[in-house]
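Student: the following block contains a protein sequence and its predicted model.
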Amino acid sequence: MTEQAILQVDGLRKSYGSELVLADITLEVFEGELVSIVGPSGCGKTTMLRCLGGLMPFDSGTVRVAGEDVTGPPDTLGIVFQDYSRSLLPWLSVAENVRLPLRYKPISKKEAAERTAEALASVGLSAHLDKKPWQLSGGMQQRVAIARALAYRPRLLLMDEPFASVDAQTRVELEDLTQRLWSERKMTIGFVTHDIDEAIYLGGRIVVLTRTPTTIREVMPVDLPRPREQIATKATETFADLRASVFSALGHHQEAAR
Ligand SMILES: Nc1ncnc2c1ncn2[C@@H]1O[C@H](COP(=O)(O)OP(=O)(O)OP(=O)(O)O)[C@@H](O)[C@H]1O
């Protein structure tokens, strides 16, 4: 059986006015993969995810999710953004925030309620259903945003620097939560980060982007067994070697751009 690409990006090009941001992105992500995408600050990571998620038009190229050309937000795709304070509605409870997008799915109210409860349980927030997002810590708010995406049951989940705004301890907890949810739910995840260790720790492959006008510099396989563990995995020689390789792939480009 051949592997099925859930995401196919071919020659994606995107400018803002005269500023060319994405020059040529060609990438396949296969069903069940967790792919990390790293790149220098401002290289267009968010722009790329917005194009992949059908939230923004692009100049040329094609994006296909589950075999369908992306012209608007695909039903099979969920996105978790970095800025949870803007993505959650402050006047709705935690449970209502998670349930909201399910209104657009052809499912009964009963099923929507079940999915909401199940998703919030899986991120450890069953005790906080009736609170407002602003009554929770930053890490808990990002768990709500993750639960909202899970309840939607996407085949492909894109995460845009989701843990960049939380403290270091919360960040490692959320990384482990992501790893667990990915392995339990057999989802496909595209995880954008500028943190090299996070990219290696989570990814089965790492896509390294250049600076703008952005292309893919390198795709590196991550040959580390799962489940990964924060201290043991990061202490391995393979992890250290990968850290050096990703660092130099990013740094090499900076040299070339001078
Ligand atoms: N809506 C917009 N209009 C015009 N230019 C934009 C817009 N959004 C982003 N840009 C520009 O496009 C480039 C890439 O921005 P983008 O936010 O996609 O990069 P990024 O890699 O996600 O950045 P960061 O590492 O800071 O998160 C930047 O030069 C930015 O100023």
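Tutor: Noted; the coordinates are in hand.
Student: ok, residue 66 touching residue 31?
Tutor: No. In this structure residue 66 lies outside contact range of residue 31 using CB atoms under 8 Å: 9.0 Å. Bear in mind the C-beta positions are built from the backbone N, C-alpha and C, glycine included.
Student: what touches both of those two?
Tutor: Counting by CB atoms under 8 Å, 6 or more residues apart in numbering, the common neighbours of residue 66 and residue 31 are 6, 155.
Student: these two: which is more packed in?
Tutor: Each of residue 66 and residue 31 has its neighbours counted (other CB atoms under 10 Å); residue 66 has more, 19 against 15.
Student: with adjacent residues omitted, what lies nearest to the more buried one?
Tutor: Spatial nearest neighbour of residue 66, chain neighbours left out: residue 76 (4.7 Å); criterion: CB to CB, 6 or more residues apart in numbering.
Student: same check on residue 219?
Tutor: Once flanking residues are discounted, residue 219 sits nearest to residue 207: 5.3 Å by CB to CB, 6+ apart.
Student: partner strands of the helix or strand containing the one you found, parallel or antiparallel?
Tutor: If you go by DSSP states H and E, residue 207 is part of strand 205-209. Strand pairing for strand 205-209, determined by DSSP bridges: strand 34-38 (parallel), strand 214-221 (antiparallel).
Student: contact residues of the stretch 151-258 of the chain facing the ligand?
Tutor: Taking CB under 6 Å from any ligand atom as the contact definition, the stretch 151-258 of the chain meets the ligand at 161, 194.
Student: how about the helices of the stretch 151-258 of the chain, start to end?
Tutor: 168-185, 196-202, 230-234, 237-257 (DSSP state H, counting those that start in this stretch).
Student: which residues touch the first one?
Tutor: What that stands for is helix 168-185. Against helix 168-185 from outside (CB under 8 Å, 6+ apart): 34, 122-124, 137-139, 142-143, 146, 150, 159, 162-163, 166, 187, 189, 191, 198, 201-202, 226-228, 230.
Student: may I see the ChimeraX selection of the buried members of those?
Tutor: In ChimeraX, the members of those classed as buried (16 or more other CB atoms under 10 Å) are selected with the following command:
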select :34,122,123,139,142,143,146,150,159,162,163,166,187,189,191,198,201,202,228
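Student: take the contacts of helix 168-185 and keep only those in strands.
Tutor: If you go by DSSP state E, those have 34, 159, 189, 191 in strands.
Student: mind checking how far the spatially most central residue of the chain is from residue 235?
Tutor: The residue lying closest to the centre of the chain (CA atoms, centre = their mean) is residue 159, at 1.9 Å. Noted for residue 159: a distance of 25 Å to residue 235, by CB to CB, to the nearest Å.
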